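**Student:** when you get a sec, could you give me coordinates for this:
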Amino acid sequence: ELVQRELPVTLVTQDTNLRVKANALEVPVMRYLNSSGSNGFYDGMKTIQVEKNLIHQLLLQDSIDTTELNQEVVDLDDFLPNEGLHLINGSGVNEDLLAIYREEDKHFQILERLDNVWGVKPRNPEQRLAMEYLLDPDIHVVSLSGKSGTGKTLLALAAGLQLMLTSNLYTRMLVSRPIFPMGRDLGYLPGDAQEKLAPWMQPIFDNLELLINNPASKSTSKRDSYHELMNRGMLIVEPLTYIRGRTIPNQYMIVDEAQNLTPHEMKTIVTRVGEGTKIVLTGDPNQIDNPDVNLSSNGLSMLVESFKESSMSGHVRFTSCERSPLAELAATLL
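**Tutor:** Now for the predicted structure:
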């Protein structure tokens, strides 16, 4: 005669509401802890202190051979494809060098200092490295993460305008954001599809207006605006709702606020990319409005961890807020 044994059962879920209901019903419940990325997120760049004489010597070169660096200082086994190397002067003088590890040749490519890209000049090494990824057509997936005010969206749009209107590498720029309200939703909005979408896409429009009207930009006509780019079919702003089944070739694609995407939604979006298309994903995993994902299980964090060993991708995690001193203080303290 078989004896039926009662085995303990635990409900594992990311849904906060479901966990509350389970506790009320005295059902054992726990949150799903994904090991991917839980021990620390990939930064995309390593900062190392070296002697100033070494920096002066390396600045005269275009690349750094691995034999020129002491293995105790730089261990190639610790570097991933396209990862940044930031060498700073250990004696306190404000001197540095920025390079990218090229895995195919086993060397570091030293980056030249950029004046500006469409009127935007990188203000820190993280932004400089991000701009290199954005302007490189061989890096097809670029992910930019970091707190608000670090310049993620502005840099992505500036590089897109440069590559589309000046370099003519892409036929159009497609910008999209997931539709998730912060706090209480306002409900249904009046108007057609574009009018309903306008409040969600207003941060994109603000950045585009700033870039196009920037006196230092390379815009051929100051009367150009994002409205004219949209009328000419060179700029498309749309939600991600209807992207399934599409193929997007020869375009510069930006997905803003990507931390609100689930891994399944992220896979659906990236698999839409066609031949000759570059996709840029920006977001802050610490500002998630989607209750179904968390810091480590959101689509942006999962993509960074999955693509970090691919030579087709580049990632930078921003830490310096450049919006304003008040925004920097609020992002740090609140």
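**Student:** going forward, measure contacts between C-alpha atoms and count neighbours the same way
**Tutor:** Fine.
**Student:** any low-confidence regions in the stretch 101-250 of the chain?
**Tutor:** Across the stretch 101-250 of the chain, the ranges flagged by pLDDT under 70 are 180-189, 192-194, 196, 215-224.
**Student:** enumerate every residue touching residue 208.
**Tutor:** Applying CA atoms under 8 Å, 6 or more residues apart in numbering, we find residue 208 in contact with 157, 225-226.
**Student:** let me see the backbone angles for the residue nearest the centre of the chain.
**Tutor:** Nearest to the mean C-alpha position of the chain, by CA atoms, centre = their mean, lies residue 144 at 1.9 Å. Per-residue torsions, residue 144: phi -120, psi 120 (degrees, to the nearest 10).
**Student:** surely it is in contact with residue 319?
**Tutor:** No - the criterion here is CA atoms under 8 Å, and residue 144 misses it with residue 319 at 11.0 Å.
**Student:** still on that earlier bit, just the contacts of residue 208: which are in helices?
**Tutor:** 157, 226 (DSSP state H).
**Student:** ok, and the most crowded of the contacts of residue 208?
**Tutor:** residue 157 (23 neighbours; other CA atoms under 10 Å).
**Student:** and the pLDDT at the closest residue to the residue nearest to the centre of the chain other than its chain neighbours?
**Tutor:** Nearest non-adjacent residue to residue 144, counting by CA to CA, 6 or more residues apart in numbering: residue 282, 4.7 Å away. Among the per-residue scores, residue 282 holds a pLDDT of 96.
**Student:** ok, the one 10 residues further on next?
**Tutor:** Here the pLDDT value assigned to residue 292 is 84.
**Student:** distance of residue 275 from residue 247?
**Tutor:** Between residue 275 and residue 247 the computed distance is 9 Å (CA to CA, to the nearest Å).
**Student:** relative to residue 45, how far out is residue 275?
**Tutor:** Per CA to CA, residue 275 is found 28 Å from residue 45.
**Student:** the two: which is more packed in?
**Tutor:** Taking neighbours as other CA under 10 Å, residue 275 and residue 45 compare with residue 45 leading, 23 against 10.
**Student:** in contact with the more buried one, which residues?
**Tutor:** Contacts for residue 45 (CA under 8 Å, 6+ apart) come out as 83-86, 126, 316.
**Student:** and the closest residue in space to residue 238 that isn't next to it in sequence, what are its phi and psi?
**Tutor:** Spatial nearest neighbour of residue 238, excluding adjacent residues (CA to CA, 6+ apart): residue 176 at 5.3 Å. The phi/psi pair for residue 176 (degrees, to the nearest 10) reads phi -150, psi 160.
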